Structure formats: structure tokens, C-alpha cells
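J.: Here's a sequence, model it:
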Amino acid sequence: MDRKIATVACVLLSLAAAEVLYTEDFDDGWEKRWVKSEFKHEYSTGSWKHTAGKYAGDSNNKGIQTAGDDHRFYGISAPIGKSINNKGKTFVLQFSVKNEQTLDCGGGYIKVLPSAGFDAKQFGGKTDYSVMFGPDICGSATRRVHTIFTYKGVNHLIKREIRPETDQLTHFYTLVLKPDNTYAVKIDDKEVQKGTLHDDWDMLKPKTIKDPSAKKPEDWDENEKIDDPTDSKPEGWDDIPKEIPDPKASKPEDWNTEDDGEWAAPMISNPEYKGEWRAKRIPNPAYKGIWVAPDIPNPDFVDDVDLYNVVQDGAHVGFEIQQGKSGTVFDNILIADSEEDASAAFAKIKPLMEAETKAKDDADAEERKKAEEARKAAEDEKKKEKADKEDDDEDEKKAEL
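T.: Numbering: from 1, shown residues only. Down below sits the predicted model:
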């Protein structure tokens, strides 16, 4: 078969085999699919509200929102309906997040969970998961999109920093894992990070290590600068005392030599004193830099061509988070094996996001207008009070005359 024809055939076969594995839009009846955790946490458990949130482009397009008092733990999960294994397939996880409360500290991530040992009622921070993905914000120090994979029982966080959106609008977060061990993270269907699992996670031992048997050569010079051998101490440098008698001091009139002893002026720092002499520093011609042991192949390194296969029993999805302020709306969950399906899902909601942005911009403009009107009214009132006071003062002066 011609190579081009074969390539086209493979692409068509791949597209035909593409499958949406799970979706959740939180339409009516969502409560029957989702189970609220009863896990006892140091923070009280928060509640969930079915709402589209503020400025929604469509008030009927609802998600679930963290609700109630601040400083709460939130846990909720739902069965996928089948066990997902991404072996040999692209894995795509996507969902939307809206932090309409101006989140100061709290998570906004989703988890993919296995069936083995999972108890929805006891879903908590120690529950095993396969993937943890999504934004986490806490002050200005922690603002990142968590991308964590569980590999051989250990959770591994991405080494790259991916910044999340921090406004009060809806944003889509998309994770793409491919069988060639590459990945991509998208926000609002735009790629913000990509790379390989080998480079950006420490799931495997490093391919190379520093040679433990290597030793720094005896003649290796790590001194970047040295004393100038041609520099010499000026004559009389050491003759200048560090302290001298205070020339402004004078013997007190009531000083009694017989009782007080010989009077001596107190000592003060000598302004002429230059300190200990040191030769000036110059670049060291023998400098070789800081010595570093050479890299050698790591005998403990074992490659894994299936490193991407982190989801081997994906049976549930869930949100298990802690928030300082409640008000985050989650929606539009999708698990698929095609980026095109994720892009199509985003495109469907994008007009609502644009309407939401406009509604918020209009509301913000109205608030600014009211604030300016209030400021101007207060300013006018002060001017009036000042004018009235000046009139009263003038009347008093006339009355005195």
C-alpha cells in the first residue's frame, strides 16, 4: 500500500475510534450521580449548590458550586460508569472552573480515582487517585495548575510551574497525555505548557548521576579572584592609630587630680584610620570554575515506555479540596481520547463565556459609575458645607461691625 494512503487510513481509523469516555454537565438529576463525602476533616465539611453563578451567559447551564461558610473542606465524587485504561491511547481530561469569590486560598482541581478500595462516603485527602489536575491558589506564593500522576504508588507533581487564571470568570483546563510519553496543558483551548513525562516529572530515576568515584584534582583552582601580587602596603599605613584622644574634650573644672587621678581625654575613632590593609583583588588566571563531578549513566535507571499509562483503572471522578472562601463553580467535565472532542466541547461553551465576560464588564462599569457618582456627590457636599461656613463667617463679621 502507498505510504500516503496508509497514513491517511491510519488517521481515519484513529478518528473513527475516538471515544468520549465520560461527560458531566450537571443537568437535572446530577444529585443521583454524585455522592457527597462524609469524611471527617479538621475543617468542617462544606455544602454544594447547583447554580450557573454570577454573570452566567445562560442561567440554565448550571454547575456545582462550593457554598456555605468559609474555611471548609469539600468532597464529592461520581462513578464514570466504566473502568478507563489509557494504554495505547491519548488521554484527555477537561473541566471548567469559575472562582467567582476572588479565591484567596483554595484548590480547584479534579481527581481521577480507581475502583479498588474506593469509598465515596469516605473520599478524602488520603484516598488513592491516578490523576490530580487543575488550579490551586493560595496568596501570591502558590498559584499553579497542579498536574500530578500516581506512579507505582507514589504521587509525582510536575516540575514546571503553570500559572492558572485568577479572575472571576469561567475557564477551561485541559490535560492531554499521549502514548509517545508527551503531554500538553491547555487553558481555554490554548496550549500553555507541553513537554515529555521523562523530562518534567521524576517518576523514573534519573538517566545519569554524578560519578560518586570522581574526585576533584589537587591542582583544581576554584578561586575566582586572588590578591594582586604586585600590590604593596603604603608606607606609614600601620602607624595610623585606630583611636585618638578627643581633641574637643577638656578637663572638667571640678576635676581633682589628687582624688580623680591624672585627667585624660576620652578616646574616639580616628577619622584617618583606614583599617587593616588588604591587597586589591584581581581575576585569577588559574581559575577553572567550581568543580563538578562528571555525569555517568545511572545503573539504577530503568526506562518505561508506558510511563504515560497512569490511568489503568479510572472508575470515578471527584473534587476533594479545601477553600478559604467558598464560591467556586465546577462544570463541563469531559474524559476522552481525542483532543478534537475537548476542543469541540470548549467551542460549545465559548459563546456563553463571552457573554459572561461582557456581563461582568458591564456590571464592573456600572459599579465604577456609581462609585464616581458617590465620590462626586460627597465632594459637592463638602464644597457646599465649606461655602455655607464661609457665608456664616461673613455674616458674623458684618454683625460685629
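
J.: So which elements touch the host helix or strand of P79?
T.: Assigned by DSSP states H and E, P79 falls within strand 72-84. Under the contact criterion of 3 or more CB pairs under 8 Å, 6 or more residues apart in numbering; DSSP states H and E, strand 72-84 touches strand 20-24, strand 35-36, strand 63-67, strand 314-323. All C-beta spots, glycine's among them, are computed from the backbone N, C-alpha and C.

J.: Contacts for the very next helix or strand once past the first one next, please.
T.: The element immediately downstream of strand 20-24 (helix or strand, assigned by DSSP H and E) is helix 30-33. Residues external to helix 30-33 that are found in contact with it (CB atoms under 8 Å, 6 or more residues apart in numbering): E24, H50, I64, A78, P79.

J.: Among these, name the buried ones.
T.: E24, I64, A78, P79 (16 or more other CB atoms under 10 Å).

J.: Ramachandran angles for K397?
T.: phi -60, psi -40 (degrees, to the nearest 10).

J.: ok, now A371?
T.: Phi and psi for A371, reported as degrees, to the nearest 10, are phi -60, psi -40.

J.: Tell me, how many residues neighbour it?
T.: A371 has 10 neighbouring residues, counting by other CB atoms under 10 Å.

J.: coming back round to it: next, format the buried ones among the contacts of helix 30-33 as CSV and append distance to V131.
T.: What follows is those, written out as CSV (distance: CB to CB, whole Å):
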residue, distance to V131
E24, 16
I64, 20
A78, 15
P79, 16
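
J.: Taking these, tell me the two that lie furthest apart.
T.: The most widely separated members of the buried ones among the contacts of helix 30-33, counting by CB to CB, are I64 and P79 (16.0 Å).

J.: what's the spacing between the nearest residue to L352 once chain neighbours are set aside and H171?
T.: Closest residue to L352 apart from its sequence neighbours, by CB to CB, 6 or more residues apart in numbering: G57 at 3.2 Å. Distance from G57 to H171, counting by CB to CB, to the nearest Å: 14 Å.

J.: D392 now?
T.: Distance from D392 to H171, by CB to CB: 59 Å.

J.: Which of these two has more residues huddled nearby?
T.: Each of D392 and H171 has its neighbours counted (other CB under 10 Å); H171 has more, 18 against 10.

J.: Specify the beta-bridge partners of the more buried one.
T.: V97 (DSSP bridges).

J.: same deal with the one 5 residues further on?
T.: On DSSP bridges, the residues paired with V176 through beta bridges are V92, A184.

J.: doesn't K186 make contact with it?
T.: Yes - between V176 and K186 there is a contact under CB atoms under 8 Å: 7.2 Å.

J.: List the residues that are in contact with both of the two.
T.: Common neighbours of V176 and K186 (CB under 8 Å, 6+ apart) are A342.

J.: Tell me what V20 is bridged to.
T.: Here V20, judged by DSSP bridges, has bridge partners A336.

J.: Same question for stretch 107-124: list its buried residues.
T.: G107, G108, Y109, I110, K111, V112, L113, P114, F118, A120, F123.

J.: for stretch 59-69, same thing?
T.: N61, K62, G63, I64, Q65, T66, A67.

J.: Go through the residues you listed and say which is closest to R143.
T.: Distances from R143 to the buried residues of stretch 59-69, taken by CB to CB, are shortest for T66, at 18.5 Å.

J.: State the number of residues packed around D254.
T.: For D254, using other CB under 10 Å, the count is 6.

J.: Who are the contact partners of it?
T.: Per CB under 8 Å, 6+ apart, neighbours of D254: none.

J.: Go ahead and report the secondary structure state at it.
T.: Per DSSP: H, G, I helix; E, B strand; the rest coil, the secondary structure class of D254 is coil.

J.: Need phi/psi at it.
T.: Torsion angles, degrees, to the nearest 10, at D254: phi -90, psi 10.

J.: Any regions of the stretch 301-401 of the chain where pLDDT drops low?
T.: Residues of the stretch 301-401 of the chain meeting the criterion pLDDT under 70: 401.

J.: That one: strands as residue ranges?
T.: 314-323, 328-336 (DSSP state E, counting those that start in this stretch).

J.: now for the shortest one, which elements pack on it?
T.: Here strand 328-336 touches strand 20-24, strand 63-67, strand 91-99, strand 110-114, strand 170-177, strand 314-323, helix 339-400, going by 3+ CB pairs under 8 Å, 6+ apart.

J.: Would you mind getting the angle between that strand and helix 339-400?
T.: Counting by axes from the mean of the first three to the mean of the last three CA atoms, to 10 degrees, strand 328-336 points 160 degrees away from the direction of helix 339-400.

J.: next one: strand 328-336 to chain centre, how far?
T.: 21 Å (CA atoms, centre = their mean, to the nearest Å).

J.: Convert the C-alpha atoms of that strand to CSV, please.
T.: Output of strand 328-336 as CSV, limited to C-alpha atoms (Å, rounded to 0.1, in the frame of the first residue of the first chain):
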residue,chain,number,x,y,z
THR,A,328,-16.1,28.1,43.0
VAL,A,329,-18.3,26.7,40.2
PHE,A,330,-17.2,23.4,38.5
ASP,A,331,-18.8,22.2,35.3
ASN,A,332,-18.2,20.7,31.8
ILE,A,333,-16.3,17.6,32.8
LEU,A,334,-15.0,15.5,29.9
ILE,A,335,-12.8,12.5,29.6
ALA,A,336,-11.9,11.4,26.0
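
J.: what about stretch 173-183, distance to the chain center?
T.: Counting by CA atoms, centre = their mean, stretch 173-183 is centred 20 Å from the centre of its parent chain.

J.: Okay, buried residues for it please.
T.: Residues of stretch 173-183 classed as buried: Y173, T174, L175, V176, L177, K178, N181, T182, Y183 (neighbour count, 16+ other CB under 10 Å).

J.: now the end-to-end length of that stretch.
T.: 14 Å (CA to CA, to the nearest Å).

J.: So what touches that stretch?
T.: So stretch 173-183 is in contact with 86, 88-97, 131, 133-135, 145, 147, 164, 184-187, 189, 194-198, 200, 305, 307-308, 310, 339, 342, 346, going by CB under 8 Å, 6+ apart.
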